[in-house]
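**Student:** got a predicted structure plus its sequence, pasted below:
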Amino acid sequence: MQQRNLSVRGLSSNGHIRGLACVTTQLVNVLQLRHGTSPVASAALGRTASIAAMMALLLKDEERLTVQIHGNGPLGNIVVDADSQGNVRGYVDNPDVQLPSNRHGKLDVGRAVGSGLLYVTRDMGLNNVYRGSCELQTGEIGDDLTHYFTVSEQIPSAVGAGVLVNTDGSILAAGGFIVQLLPGYVEDEVSVLEDRVKGLPNVTELLRNNMDAQGLLQQLIPDVVVLDTRAVSFACTCSRERMSEVLHSLGRQELEKLVADQLGAEIRCHFCNQKYVFTQSELARMVEYERIE
């Protein structure tokens with residue numbers, strides 16, 4: 001049976017080409033269910049989540065990364081967070097956007113995202129944070145990350161990701177690939193790799209027909225040596241304690257206003273859509289704590 005949530009990292013036998021591939025069907029289904037995303041929002045968020053899951057294979061230990069797409073299209077911002085253990089979470093500002101298909105009869109992700117900027121932040125711990133950025137090229141996500149790697153990280157790359165959405169909004173297939181040229185490559189390898197990328201059948205159709213992540217990677221790097229595989233799953237780091245800290249950060253005056261309103265407070269996590277409710281009495285105790293501090 002096909003592994004539905006797996007990312008794979010490998011190298012060509014001569015070490016000149018790095019490849020990553022993933023199958024994220026279940027992950028994107030969870031995102032769709034949690035956020036109630038429309039088909040075009042599912043495609044945009046799912047592509048971003050798939051690529052972030054692969055990028056996370058290059059992290060170490062407790063490192064994590066965040067991919068942010070700040071477009072001026074109707075979707076608004078797309079944010080995906082992933083860590084070195086294969087945990088992924090994400091959201092889109094406006095999950096219920098509806099758009100007609102593009103001229104190719106496909107979900108119009110480019111129009112939904114629009115133009116703007118892409119940011120990649122790597123948190124390596126101990127206040128060591130790297131942030132790269134580039135302008136969005138097409139809004140199709142894969143093209144934009146291809147441009148990011150080439151311009152911001154100076155790594156010649158090709159990135160592809162796809163999400164196939166069922167008529168009921170569920171996800172039939174999702175996943176993608178990243179291939180990168182490493183120091184030592186020769187020009188002949190560039191043209192061969194370009195031909196393989198151009199000749200690759202539709203990613204989601206390959207995955208729907210039960211191709212796994214390693215099989216997808218072998219389509220692009222036939223002599224690939226697999227270095228790492230990792231299960232990918234949805235996981236959020238939010239908790240009631242963390243949301244309580246958010247309320248404390250408002251300060252005593254704002255907490256007193258909330259208590260005076262006698263309505264309590266409700267906070268919803270952007271990443272997982274979990275709702276946390278704090279009663280008036282709980283808020284009053286926070287006010288007392290702030291006074292003591």
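**Tutor:** Looks like it came in fine. Numbering: from 1, shown residues only.
**Student:** which residue ranges form the helices in the stretch 51-200 of the chain?
**Tutor:** 109-113, 142-152, 187-199 (DSSP state H, counting those that start in this stretch).
**Student:** of these, which is nearest residue 285?
**Tutor:** Across the helices of the stretch 51-200 of the chain, the minimum distance to residue 285, taken as Cβ to Cβ, is reached by helix 109-113, at 43.6 Å. The way it works is simple: take the backbone N, C-alpha and C, and place the C-beta from them, glycine included.
**Student:** switch the helices of the stretch 51-200 of the chain over to TSV; also include distance to residue 281, mean neighbour count and mean pLDDT.
**Tutor:** TSV is the format used below for those (distance: least, Cβ to Cβ, whole Å; neighbours: other Cβ atoms under 10 Å; pLDDT from 0 to 100):
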stretch	distance to residue 281	mean neighbour count	mean pLDDT
helix 109-113	44	25	97
helix 142-152	48	20	96
helix 187-199	60	12	94
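**Student:** nearest to residue 240, of the ones you listed?
**Tutor:** Across the helices of the stretch 51-200 of the chain, closest to residue 240 is helix 109-113 (Cβ to Cβ), at 33.6 Å.
**Student:** counting by contacts, list what that closest one packs against.
**Tutor:** Counting contacts by 3 or more Cβ pairs under 8 Å, 6 or more residues apart in numbering; DSSP states H and E, helix 109-113 packs against helix 39-55.
**Student:** any chance of the helices of the stretch 51-200 of the chain in CSV, plus distance to residue 217?
**Tutor:** Output for these, formatted as CSV (distance: least, Cβ to Cβ, whole Å):
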stretch, distance to residue 217
helix 109-113, 24
helix 142-152, 16
helix 187-199, 11
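**Student:** which residue is nearest the centroid of this structure?
**Tutor:** Using Cα atoms, centre = their mean, the residue of the chain that lies closest to the mean C-alpha position is residue 49, 2.3 Å off.
**Student:** how close does that one sit to residue 270?
**Tutor:** Distance of residue 49 to residue 270, computed by Cβ to Cβ, to the nearest Å: 14 Å.
**Student:** ok, residue 24 - contacts?
**Tutor:** Residue 24 sits next to 5, 7, 46, 49, 50, 53, 88, 174, 175, 176, 232 when contact means Cβ atoms under 8 Å, 6 or more residues apart in numbering.
**Student:** what does the domain assignment say about this protein?
**Tutor:** Using automatic domain parsing, the domains assigned to the chain come out as 5-234, 240-292.
**Student:** low pLDDT regions in the stretch 151-293 of the chain?
**Tutor:** Counting by pLDDT under 70, the stretch 151-293 of the chain has low-confidence residues at 289-293.
**Student:** do a quick rundown of the strands in the stretch 1-150 of the chain.
**Tutor:** With strands called from DSSP state E, counting those that start in this stretch, the stretch 1-150 of the chain shows them at 5-11, 17-24, 64-71, 77-83, 87-92, 116-123, 129-135.
**Student:** just give me the longest strand of this protein.
**Tutor:** Across the chain, the longest stretch assigned as strand under DSSP state E is strand 171-181.
**Student:** just checking: what are the partner strands of that strand?
**Tutor:** Here strand 171-181 has these sheet partners by DSSP bridges: strand 17-24 (antiparallel), strand 157-165 (antiparallel).
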